[in-house]
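Enquirer: Sequence first, predicted model second:
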Amino acid sequence: MKLRGLYAITDSQLLAGKFLSYVEAALEGGVTLLQYRDKSSDEARRLREAQALRDLCERYKTRLIINDDAELAARLNVGVHLGQTDGPLTPARALLGRQAIIGSTCHGQLELAEQAAKEGASYVAFGRFFNSNTKPGAPTCSLELLDQARSKLHLPICAIGGITLDNAAPLVAHGVDLLAVVHGLFGAQSTAEVTRRARAFNELFKS
Ligand SMILES: Cc1ncc(COP(=O)(O)OP(=O)(O)O)c(N)n1
Ligand SMILES: Cc1ncsc1CCOP(=O)(O)O
Ligand SMILES: [Mg+2]
């Protein structure tokens, strides 16, 4: 499966009271990967929500990724996204198997991406590229780094951080395969607008 297109990421605060309806609206518009990102420690709720997302993803033939938690990903037989302090990639790969999608946060550092590639990452994520409501303090990354990454890496490249329909096109022009978006997608005022945005993000990959 080609990892290219919109990578929708959930946010528990932003989606409070409309979690599944907004996610389904995004899937309706087309989502390549969906990440369940919940920074709480409510294990029971996390399991319940992740299961609901897995069922939804199965209906829409979208791949689900769990943020931070390789154990939960293994339990649901889905992929995982690991940051630099979320545990090493090699045991996660051993736990989840060769087919699983495993992503790695590489901030703005090519060396981290080269290391992640060696350790079996399925994609590498760079960012943040713009001001982010979701994670304002995340380290930044430049478009120039994307050019270097494109010429050195043979893995799908994901961009994250403050991405909207107004600023995403240059990222795709600089070789990004996956646009990872929270607010720029789910900050919409209606489900219809979420679906429209998802479709429009996908259009950026067609030219
Ligand atoms: C696709 C994608 N890229 C980067 C991140 C950030 O991961 P991390 O640095 O571990 O930060 P948290 O998201 O866990 O706060 C991500 N989640 N997804
Ligand atoms: C998790 C994460 N890591 C770097 S920026 C970011 C948040 C992305 O959310 P938004 O698309 O709302 O900026
Ligand atoms: Mg993390």
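Expert: Noted; the coordinates are in hand. Numbering: from 1, shown residues only. Ligands and ions are numbered 1, 2, ... in the order given.
Enquirer: Can you report phi and psi for Gln84?
Expert: Phi and psi for Gln84, reported as degrees, to the nearest 10, are phi -70, psi -20.
Enquirer: Enumerate the beta-bridge partners assigned to the residue nearest to it when sequence neighbours are not counted.
Expert: Residue nearest to Gln84 in three dimensions, not counting chain neighbours: Thr105, with 5.9 Å by C-beta to C-beta, 6 or more residues apart in numbering. Yep, even glycine has a C-beta here, placed from its N, CA and C like the rest. Thr105 forms beta bridges with Ala125, as assigned by DSSP bridges.
Enquirer: show me the contacts for Thr105.
Expert: Taking C-beta atoms under 8 Å, 6 or more residues apart in numbering, we find Thr105 in contact with His81, Leu82, Gly83, Gln84, Leu112, Ala125.
Enquirer: Now which of those would you call buried?
Expert: Buried residues within the contacts of Thr105, defined by neighbour count using 16 or more other C-beta atoms under 10 Å: His81, Leu82, Leu112, Ala125.
Enquirer: quick one: which helix or strand includes Leu53?
Expert: Of the helices and strands defined by DSSP states H and E, Leu53 is found in helix 43-60.
Enquirer: Mind checking the pLDDT average for that helix?
Expert: Averaging pLDDT along helix 43-60 yields 98.
Enquirer: Then stretch 88-108?
Expert: On average, stretch 88-108 scores 98.
Enquirer: Is any residue of that stretch near ligand 1?
Expert: Yes: for stretch 88-108, a contact with ligand 1 is found by C-beta under 6 Å from any ligand atom, at Gly103, Thr105.
Enquirer: Next, the buried residues of that stretch.
Expert: 89, 92-93, 96, 100-108.
Enquirer: Looking at those, which one is closest to Ala173?
Expert: Distances from Ala173 to the buried residues of stretch 88-108, taken as C-beta to C-beta, are shortest for Gly108 (18.3 Å).
Enquirer: quick one: contacts for that closest one?
Expert: So Gly108 contacts Phe126, Gly127, Pro139, Thr140, Cys141, Ser142, Leu145 (C-beta under 8 Å, 6+ apart).
Enquirer: I would like a ChimeraX command selecting only the buried ones among these, please.
Expert: The ChimeraX selection below is limited to those of those classed as buried (16+ other C-beta under 10 Å):
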select :126,127,140,141,145
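Enquirer: Tell me which of the contacts of Gly108 fall in strands.
Expert: Phe126, Gly127 (DSSP state E).
Enquirer: Nearest to ligand 2 among the contacts of Gly108?
Expert: For the contacts of Gly108, the residue nearest ligand 2 by C-beta to the nearest ligand atom is Gly127; the value is 4.8 Å.
Enquirer: contacting residues around Tyr7?
Expert: Val31, Thr32, Leu33, Leu34, Gln35, Cys158, Ile160, Leu178, Leu179, Ala180, Val181 are the contacts of Tyr7 under C-beta under 8 Å, 6+ apart.
Enquirer: hang on, I meant Ala117
Expert: With C-beta under 8 Å, 6+ apart, Ala117 has these contacts: Val124, Leu153, His154, Leu155.
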